[in-house]
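A.B. asks: Show me how the following folds:
(chains A, B, C and D, ligands or ions: 4)
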Amino acid sequence: MHMADALLSPVVGGSMLAASVVVAAYSIKKTQNELDEKKIPLMGVIGAFVFAAQMINFAIPGTGSSGHIGGGMLLAILLGPYAGFLTMASILMIQALFFGDGGLLAYGSNVFNLGFFTCFVAYPLIYKWFTRKGISPKRIFWGTLISVVIGLQLGAFSLVLETLLSGKTELPFVTFLLLMQPIHLVIGIVEGLITAGVVAFVWRERPEILEKTSAGLPLGKVSMKKVLTGLSIAVVVIGGGLSWFASTDPDGLEWSVEKTGGTTELEASSSIHNVLADIQSKITFLPDYGFKTSESDNEVKATAQIEEVWPAVNTGTSVSGIVGGALTLVLAGLTGLIISLSKKRKEKATL
Amino acid sequence: MSYHMLEVRELNFDYPDGYEAIKNISFTIRRGESVGIIGANGAGKSTLLMLLMGVLFPKNGQVLVDEVAVSKKTLPMIRQQMGMVFQDPDDQLFMTTVYDDVAFGPRNYLLSEQEVNQRVTKALELVGISHLKDRAPFRLSGGEKRAAAIASVLSMEPDILIMDEPTSALDPKSRRRLISLLNSFEHTKIITSHDLDTIVETCSRTIVIKAGEIVAEGKTVEILTNEELLDHCGLEMPLSLQNCSICGSEKDFFTEKTKYSTTNTYGIQTIERDCRVSLVEN
Amino acid sequence: MSYHMLEVRELNFDYPDGYEAIKNISFTIRRGESVGIIGANGAGKSTLLMLLMGVLFPKNGQVLVDEVAVSKKTLPMIRQQMGMVFQDPDDQLFMTTVYDDVAFGPRNYLLSEQEVNQRVTKALELVGISHLKDRAPFRLSGGEKRAAAIASVLSMEPDILIMDEPTSALDPKSRRRLISLLNSFEHTKIITSHDLDTIVETCSRTIVIKAGEIVAEGKTVEILTNEELLDHCGLEMPLSLQNCSICGSEKDFFTEKTKYSTTNTYGIQTIERDCRVSLVEN
Amino acid sequence: MSNIKSSLYNLRVLDDLARKETSIHLVHPLTKLLTTVVFLTVVLSFGRYEIVGLLPFFFYPIVIITVAEIPLGPILKRVLLAMPFIIGIGIFNPVFDQQTMSAFGLIFSKGWVTFLSILIKSCVCVGASLLLIATTGMDSLAAALRMLKVPKIFVLQLLLTYRYIYVLIEEISHMMLAYSLRAPRQRGIHPRVWGSFVGQLILRTFDRAQRIYDSMALRNFNGEYHTGKIDKNCWKDMVYLFGWCLFFIIARTNNLPMLIGSFITKVVN
Ligand SMILES: Nc1ncnc2c1ncn2[C@@H]1O[C@H](COP(=O)(O)OP(=O)(O)OP(=O)(O)O)[C@@H](O)[C@H]1O
Ligand SMILES: Nc1ncnc2c1ncn2[C@@H]1O[C@H](COP(=O)(O)OP(=O)(O)OP(=O)(O)O)[C@@H](O)[C@H]1O
Ligand SMILES: [Mg+2]
Ligand SMILES: [Mg+2]
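C.D. replies: Ligands and ions are numbered 1, 2, ... in the order given. Coordinates of the predicted model:
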C-alpha cells in the first residue's frame, strides 16, 4: 500500500510531507531523552524486519490482486509510538530510494498513511485499551489484531483520499474505496495475525522489550488529550486535502458524481470546498499548477492550455506534438549515446 | 599513569535468561602485559571480555581501567583506550567497503582524511589485506573477514587490545603474521584462543577459566604444561609444548626458549622448538 | 553402487559481482575416502563445498554424486545423502532448542519420535553437548554453537559428510573428540581446515587450492611436508609434522605413522608423534 | 530462498554503483538531492492529459545514466518492479474514462492518455530516485540530510535500518538455506515451523543488531556518521544544480517537443 509519486499532485504530496514532518519532529522530541544503547539498534532491527515484511507480497484470495503488510502497529507496540513512527519514516525512505516504492514526493503521504494512523491512532486508542490492565497473550492477540485492522483501514482510506485529491486517476471515489478497503481488510487480518504472533513471541522470549516500551511511554496513561490532538491533526490534514480535491478538480468530481450516482461523501466535500476556497489560495505554493481551473489562469502557459484543451485538440497540434515528441526522445537517446561513446573513446585514449 | 592498567574486582554476570556466566572473577593486568584467557567452550571467556569492554554490565563487581570504573558514564572515555576484536567478525563489519570499515574508528576521532588514510593503509598492510580494500566486507571469505575485523581495530591504535580468538579462521601464514604482529606491539593485550600455541607465543601470563570461575593463573608455560590442570579444564597441551617421543629436553630450557620465541619474527621459533621426553604420561 | 562417489568436472563459478572464485576444478572422490581441502584465506574452499552441496550452482561444469548430476531437479534426492557443516555455525541453527535443531533433520525423514530421540541423543553425546540440549541455540557460546551444528548434521546420518572448518572455535578437547569421531566413521568425508594438524589426522588425501584452482593433490603427508608448496599457497607445515631441532626420524616411518594414527582413538598419536630433523630449511 | 538472496543482491547493486567515481558521483550529495527533488516536483506538476510536454524530462535520467556509467538493467528492472501498483491504479483510467477524442483520423481514449501520462511520470520519477541513490550512496545521502539539519537521531535511525536490512536478509537466507539442506524434500518452509522460524529470526537479528551496534560504539561511534569523503560545495555543484533547474523550468514552461514539432512541420510544409 504505497502511494506513488505519479499518482500524487505536488500540493497534496507537499502538504502530507509537511504533516509528516510535524509529527516526526514531535516524535523526535519525545524520543530523544529516552533513547539508550539498547533502543537504537532495536529500532533499526525492527525497522529492517518491517521493511523485509513489506517486500513480501501475498496473494489475496478471490481478488486476483496481492498486497503486503504495513507494519506500523508492530513498530508501535515494540518501540512505542514515537520511535515507531520514526522507524516507519526510515523504512519508507529506504523503500522510496531503493525500490522506487512510493517515491520522494509521495514520501510524506506514505509516512502519514502507514505511520500516523497506526502509531498515533490505533495504538493509543485500541491497543492500549486492550492492554490497559496488563499484558496477557489473549489481550495481546485481540488488541493487536483489531488495532492493526483499524490502523490499516484508516491508512487505506487516507490513501484513497490523497489519490483522488491529486486528480491523476479517473477512479471514482466510491469505487476506489470499495476496492481498497476490503483488500486492506484482508491484508489487515493477515497482518494482524502475524503481528500478534510476533508480539506474543517477543513478549514470551524477551519480555524486557515490551515492558520497556510500555513503561517508558506515558501515552497509555495520559492519552485522551494527546490522542485528540493527534486526531484533530488528522482531521485538519484530511479535511484540508478534501478541500483541495474539491477545488482542484471539479471535472473529475462532477464526473465521478455522475458515474456513481451522487454519493453523499462527494457532496460533502464540495461544500467543504466552498468553505475553504479562500484558504486554499493562500496555501498554494505552486500557483501555476493544480488550481488552474480557477477561471483566471486560462491564458497562462502553453502546457497548461494543452492540458485543458486536449479534448478539443486539433489535428495540426497533435501532429506537431507527435513529431516533436518522437524527436525529443530520439534526441535524448542520442545524447546518451554520444556521451557514452565519447567516454569510451576517452578510456581508450588513456589506456 | 598507574601501575595497574586494568583491574577486575569480584565480577559476577548473569545472562537475561538467568544463566550465570561469570562468577566472582578478580584479576589485574599491568600496563604492557599480555595475558591469555583460556578455557573450554562455554567457560565464559567471551562474556568476560565483553564485560571488560562495557558491552555487558556486571551484576556485581567492577572493572577499572586506569583506576576509572567502567560505567555508562565513563564508557565513551574508556573505550577510546580499548579496542576489541569480536569472536564473530560478522558482528564487526558493517560498512560497504573494507576501507570504510577500517576507517570508521579513525573518522570518529575526527582525524583529517589524510591521517585516516594513513592509518587505514597501515592497518591493512599489517594484516596483509591491502588487496581487499575496495571489496565489500560481506563478500569476503571467513578468514578475510577476520583479517578485516582485526584491521578495523588496529586502525584505532588502542592502548589495550582485546582479542577473542583472533587466529581462528586465519590461514597458517596469516596466523603467523598476526602472532608476530602482536609480539611487536607494546600494548596491553588480552587474548583468548583455543589455539594454545598462539597463547604460548603471544602471552606471558595465562588465566584459566572453567564454568565462569578462575581456576588457575600464572606463567603461560607453567600453566600450559600442567597436564592435569589442562585436562580438568577441557584443554590439551599445545603441540609446541608437547614432548616428542624420541628426544627430550628440560623444562627450564624450554621455558626460556618460549620466552625467547615470543619476541621472534616469523618462523624462527618453529625451528628452535625443543623436544622433551615424557613430562606426561598420556 | 558406483566406484566414484563424487565427481567434479571442470567446475567454474563466478559470484554475482563477477568475482571468479572457482576456476576449472576437477577431481573425484571414491566411496569411503576422506579428503582434505586446504588453501589460504579466500582460496575458494567454502565456495567449492557449497557448489558440491548445490547451494551454489556452477557457471560451467558439473558435480556428480553417484553419477547423478547435481541440478535443481536432482537436488532433493542428492541432499538426502549429503550433510554439510558450514563455516559459520550461526548459518545452521534455526530452531528454538538445541534438541529440536538436532531433531529437525530426522523428523523430516518422518522417523518415529522414538527413533528421532535415539538419533538426537546419540548425536549430542558424540559431540559431547548433551547438557545443552534444552538451551536455545542463539544463546550458546561460539564453540557450543559449532558443536550443535555438527550434531545437527550427524543426526541425519548422511553418506557424505562435508565439513567447512569443523574444528575452529572448538576447545582442544572437543577438537580431539571430533577428530576421533571422524576417524571412526566409514563415511565419505570432505573436510577443509586451516588447522592442518586436523587434516593430517583425519584425511588420507589432500587437495590444495590457490586462487580458485587446484595446485596440488596427493597423499596428505606428502602434501603437508612439501614446504615449498605450502609456502607458495599461504600455508605452513603443521606442527605435528614439523621436525624437531634435536632428534629426527625418516620420512617413511613418518608416513606410516600418520596412516596408523588416522585410525587411532583419542590421544594415542600425540604420544607416538615422531620427530625428524631438517627436512626443511626454514 | 533464491528470491531473498537475489533481492539482497539487488539491494547491494545500488551500493556498488554508488562507489564509482564519475563526475556525477563527485557532485556534492546535497546538490544531487536538491536537483532530484526539483525534478520530481516539476514532473509531477504536469497535468494528467500531458504526455508530449513530459518527454524532455527523459533527458535527465538518460544523461545521468550515461555520464555516471550506470548500467541500464538494474535501474530498469526496479522501475518495472515499482509499476504494478501504478498500473493497478492507472488501468482504471481507460476503464472509467471512455470519452474519446480524435486526432488525424485516429480515435484515442482519454483514459489511455491519462494512463500513459501516469506511466511516464512514474518511470522518470522512480528512475530519478534510484539514480540519486545509485550515484550517491546511503552514507553520503545521510550526510546530506544532516546538512539539511535533519535531526541526528532520524538520520542515524535511517542508516541503521538500512544496515540492518542486510543483516536481516542475510539471516533469513542463512536460515532458509540451513532449513532446506536438512529438509531436502520440502519445498519452502513447513507451516508447522513458521512460528519458531520467524521468532528465531527476530531474536537472532536482535542479538546480531545489538552486537553490531556495540561494535560501532566500541569504535567510538557517538551517533554522528562521518563518511569522510564529502568536500565542500563548490562552484561546480552550483552549476550542476542551476543548470538542471534551468532546463527543468524551460521544459516546464515551454512545450519543447511541440515547438520542435511545429518547427519541423512548418519547414516540411
Ligand atoms: N546470550 C546468551 N544468553 C544466555 N546464555 C548465554 C548467552 N551467550 C552465552 N551464554 C552462555 O554463557 C556461557 C559462556 O559463554 P561464552 O560465550 O562466554 O563462552 P566462551 O568461553 O567464549 O566459549 P567459546 O570458547 O565456545 O567461545 C555459555 O555456557 C553460554 O551458553
Ligand atoms: N558472496 C560473495 N560475493 C563475492 N565474492 C565472494 C563472496 N563470497 C566469497 N567471495 C570471494 O570468493 C573467494 C573465495 O571465497 P571462499 O569463502 O570460498 O574462501 P575460503 O577458501 O573458504 O576462505 P577462508 O579460508 O577464509 O574461509 C574470496 O576471495 C572471497 O572474497
Ligand atoms: Mg567465546
Ligand atoms: Mg571458507
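A.B. asks: what about residue B:24, helix or strand, and which?
C.D. replies: For residue B:24, the host element (DSSP states H and E) is strand B:20-30.
A.B. asks: Name the residues that touch that strand?
C.D. replies: Contacts with strand B:20-30, where a contact means CB atoms under 8 Å, 6 or more residues apart in numbering or on different chains, come from B:3-15, B:35, B:44, B:47-48, B:51, B:58, B:61, B:188, B:190, B:207, B:209, B:211-214, B:217. From N, CA and C alone the C-beta is placed, and that goes for glycine too.
A.B. asks: what's the following helix or strand after it?
C.D. replies: Remark: after strand B:20-30, the chain's next helix or strand is strand B:34-38, criterion DSSP H and E.
A.B. asks: ok, and the residue of chain B at minimum distance from chain A, which helix or strand is that part of?
C.D. replies: Nearest to chain A in chain B, going by CB to the nearest CB, is residue B:16, at a distance of 6.7 Å. Counting by DSSP H and E, there is no helix or strand that carries residue B:16.
A.B. asks: where does it land on pLDDT?
C.D. replies: Per-residue pLDDT puts residue B:16 at 81.
A.B. asks: now residue A:209
C.D. replies: Model confidence at residue A:209, expressed as pLDDT, equals 68.
A.B. asks: out of the contacts of strand B:20-30, which are buried?
C.D. replies: Buried members of the contacts of strand B:20-30, scored by 16 or more other CB atoms under 10 Å in any protein chain shown, are B:5-9, B:11-13, B:35, B:44, B:47-48, B:51, B:58, B:61, B:188, B:190, B:207, B:209, B:211-212, B:214.
A.B. asks: The residue positioned nearest the centre of chain B pairs with what?
C.D. replies: Closest to where the C-alpha atoms of chain B average out (CA atoms, centre = their mean) is residue B:191, at 1.9 Å. Listed beta-bridge partners, residue B:191: residue B:36, residue B:163 (assigned using DSSP bridges).
A.B. asks: Strands along the chain, start to end?
C.D. replies: By default, I'm working from chain A. Using DSSP state E, the strands of chain A run over A:58-60, A:65-67.
A.B. asks: You answered for a different chain; I wanted chain B.
C.D. replies: Under DSSP E, chain B gives strands at B:4-14, B:20-30, B:34-38, B:60-65, B:68-69, B:82-85, B:160-164, B:188-192, B:205-210, B:213-219.
A.B. asks: now those in TSV, with distance to ligand 2?
C.D. replies: Output for the strands of chain B, formatted as TSV (distance: least, CB to the nearest ligand atom, whole Å):
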stretch	distance to ligand 2
strand B:4-14	32
strand B:20-30	29
strand B:34-38	24
strand B:60-65	33
strand B:68-69	38
strand B:82-85	16
strand B:160-164	18
strand B:188-192	20
strand B:205-210	28
strand B:213-219	33
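A.B. asks: In a markdown table, list those along with distance to ligand 4.
C.D. replies: Formatted as a markdown table, those follow (distance: least, CB to the ion, whole Å):
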| stretch | distance to ligand 4 |
| --- | --- |
| strand B:4-14 | 33 |
| strand B:20-30 | 29 |
| strand B:34-38 | 25 |
| strand B:60-65 | 35 |
| strand B:68-69 | 41 |
| strand B:82-85 | 18 |
| strand B:160-164 | 19 |
| strand B:188-192 | 22 |
| strand B:205-210 | 29 |
| strand B:213-219 | 34 |
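A.B. asks: now these in TSV, with distance to residue A:162?
C.D. replies: Formatted as TSV, the strands of chain B follow (distance: least, CB to CB, whole Å):
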stretch	distance to residue A:162
strand B:4-14	51
strand B:20-30	53
strand B:34-38	60
strand B:60-65	55
strand B:68-69	55
strand B:82-85	49
strand B:160-164	52
strand B:188-192	57
strand B:205-210	61
strand B:213-219	63
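A.B. asks: so where's the chain uncertain?
C.D. replies: Since no chain was named, I'll use chain A. Chain A contains residues with pLDDT under 70 at A:1-2, A:33-38, A:55-68, A:99-102, A:169-171, A:208-322, A:324-325, A:347-351.
A.B. asks: you looked at the wrong chain, it should be chain B
C.D. replies: Applying pLDDT under 70 to chain B picks out residues B:1-4, B:243-282.
A.B. asks: Helices of that one, start to end?
C.D. replies: Counting by DSSP state H, chain B has helices at residues B:45-53, B:75-79, B:98-108, B:113-127, B:142-154, B:172-184, B:196-202, B:220-224, B:227-232, B:251-262, B:268-272.
A.B. asks: Can you lay out these as JSON lines showing distance to residue C:118?
C.D. replies: Shown next, in JSON lines, are the helices of chain B (distance: least, CB to CB, whole Å):
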{"stretch": "helix B:45-53", "distance to residue C:118": "33"}
{"stretch": "helix B:75-79", "distance to residue C:118": "50"}
{"stretch": "helix B:98-108", "distance to residue C:118": "47"}
{"stretch": "helix B:113-127", "distance to residue C:118": "47"}
{"stretch": "helix B:142-154", "distance to residue C:118": "34"}
{"stretch": "helix B:172-184", "distance to residue C:118": "40"}
{"stretch": "helix B:196-202", "distance to residue C:118": "36"}
{"stretch": "helix B:220-224", "distance to residue C:118": "39"}
{"stretch": "helix B:227-232", "distance to residue C:118": "31"}
{"stretch": "helix B:251-262", "distance to residue C:118": "47"}
{"stretch": "helix B:268-272", "distance to residue C:118": "46"}
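A.B. asks: Out of these, flag the one nearest ligand 4.
C.D. replies: Ligand 4 lies closest, by CB to the ion, to one member of those: helix B:142-154, at 4.3 Å.
A.B. asks: That closest one vs ligand 4: in contact?
C.D. replies: Yes. Helix B:142-154 lies within reach of ligand 4 by CB under 5 Å from the ion, at residue B:142.
A.B. asks: Tell me the gap between that helix and the middle of its chain.
C.D. replies: Chain-centre distance of helix B:142-154: 13 Å, with CA atoms, centre = their mean, to the nearest Å.
A.B. asks: Could you list every helix and strand that that helix packs against?
C.D. replies: Packing partners of helix B:142-154 (3 or more CB pairs under 8 Å, 6 or more residues apart in numbering or on different chains; DSSP states H and E): strand B:82-85, helix B:98-108, helix B:113-127, strand B:160-164, helix B:172-184.
A.B. asks: and if we set it to 7 Å?
C.D. replies: Here helix B:142-154 touches strand B:82-85, helix B:98-108, helix B:113-127, helix B:172-184, going by 3 or more CB pairs under 7 Å, 6 or more residues apart in numbering or on different chains; DSSP states H and E.
A.B. asks: Now mean neighbour count and distance to residue C:103 too, for those, in JSON lines please.
C.D. replies: JSON lines is the format used below for the helices and strands packed on helix B:142-154 (neighbours: other CB atoms under 10 Å in any protein chain shown; distance: least, CB to CB, whole Å):
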{"stretch": "strand B:82-85", "mean neighbour count": "24", "distance to residue C:103": "35"}
{"stretch": "helix B:98-108", "mean neighbour count": "26", "distance to residue C:103": "39"}
{"stretch": "helix B:113-127", "mean neighbour count": "18", "distance to residue C:103": "41"}
{"stretch": "helix B:172-184", "mean neighbour count": "20", "distance to residue C:103": "37"}
